[in-house]
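*Asks:* this is the structure alone, sequence omitted:
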């Protein structure tokens, strides 16, 4: 079964998932999330009661678990690749941001990575100890600490250039499918971050 041949069903909300997501998950486990997000988020009037109570509580019907387990699997795939660079996955994310734009304050870096200072500060200290980045006081405001790649950290970027291609190949998805999946996940994240109430309040 090819994703190109599947079309949105015109029936009740959730029908597409119930009919196709299991089969697609067997063939394209990482791309399944793309289908789930792509079709459910575009419904004009989603109905959370489309599934029975029993179906709604099945583990394999949980988008959150699909995201969580896929994230764990991807992180495991990254581990041996990043070990060649001397980085852990969280450290790699920090370096990606700094290669993109620097210097940054700790708060700016934390906002970009969705990390609080308590989690980020130890990461930065380990990266500094490894020689990958510099932590310096802002000359115009000594209360601010600016983070930037060291010379070694900038040189590391050239070695890391192969990582995205290796990981993309490991997913078994096309570049276009991965780009679309990334966009849809970012949209989902923005939608969820904008919700002022808890899910239970919305369902009331």
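*Replies:* Perfect, I can see it now. Not measured: the values here are computed from a predicted model.

*Asks:* so where's this protein uncertain?
*Replies:* In the prediction, the chain carries residues with pLDDT under 70 at positions 1-49, 197-204.

*Asks:* for it, longest helix please?
*Replies:* helix 63-83 (DSSP state H).

*Asks:* after that helix comes which helix or strand?
*Replies:* For helix 63-83, the succeeding helix or strand toward the C-terminus, using DSSP states H and E, is helix 89-100.

*Asks:* can you list phi and psi of the residue lying closest to residue 61 once chain neighbours are set aside for me?
*Replies:* Sequence neighbours aside, residue 55 is the residue nearest to residue 61 in space, at 6.0 Å (criterion: CB to CB, 6 or more residues apart in numbering). From N, CA and C alone the C-beta is placed, and that goes for glycine too. When quoted as degrees, to the nearest 10, the phi and psi of residue 55 stand at phi -70, psi -40.

*Asks:* and residue 162, by the same measure?
*Replies:* Backbone geometry at residue 162, expressed as degrees, to the nearest 10, gives phi -80, psi -20.

*Asks:* quick check: the gap between it and residue 84.
*Replies:* Per CB to CB, to the nearest Å, residue 162 is found 9 Å from residue 84.
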